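# sharing a model that was predicted from the sequence below.
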Amino acid sequence: MRTLKNILGFKKEPDFINDRRVSKRYDIILKLNYSYPALRYSGESFTKNISQNGLRFPVKSKLTKGELLRIEIEDPNSQKLLSLKGRVAWFEEFSEEGRSDETTRYETGISLLKKNLF
């Protein structure tokens, strides 16, 4: 998915001040499918942000830190799929107070294994 470099206007960034992250985050929306083999669960989502070696996106159910996910990201220019594997680095649950259905939503951060996005 080398076209992501073009979409993001990719440039090498200097070290980040007061940030433990290795690479810069880009707020970009990409369609993805994910599967959680341990529970035989899969879903569809859109990224909230991406980096060279990780991504953040909302999920519909609870995930466990350290668990393996399979992810397919759709290239917006060609509709080709980039297949990746990653581990759940963090997971957050958000309750939306004031809503009649008291919806709970979840977000996760994934650390990619063996591949970089760009």
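All right, it came through fine.
# from now on I want contacts and neighbour counts done on CA atoms only, so please keep to that.
Noted.
# quick one: the strands in this structure, in order.
Using DSSP state E, the strands of the chain run over 31-36, 41-46, 49-51, 54-59, 68-74, 81-95, 104-113.
# between the last one and strand 54-59, how many degrees?
This means strand 104-113. For strand 104-113 against strand 54-59, the angle by axes from the mean of the first three to the mean of the last three Cα atoms, to 10 degrees is 150 degrees.
# and strand 104-113, what does it pack onto?
On a contact count with 3 or more Cα pairs under 8 Å, 6 or more residues apart in numbering; DSSP states H and E, strand 104-113 meets strand 54-59, strand 81-95.
# over to the third one?
In this structure, strand 49-51 packs against strand 54-59, with contacts taken as 3+ Cα pairs under 8 Å, 6+ apart.
# what angle sits between the strand it packs on and strand 31-36?
Counting by the same axes, to 10 degrees, strand 54-59 lies at 80 degrees to strand 31-36.
# follow-up on the earlier one: identify, out of the helices and strands packed on strand 104-113, the most deeply packed stretch.
strand 54-59 (a mean of 21; mean count of other Cα atoms under 10 Å).
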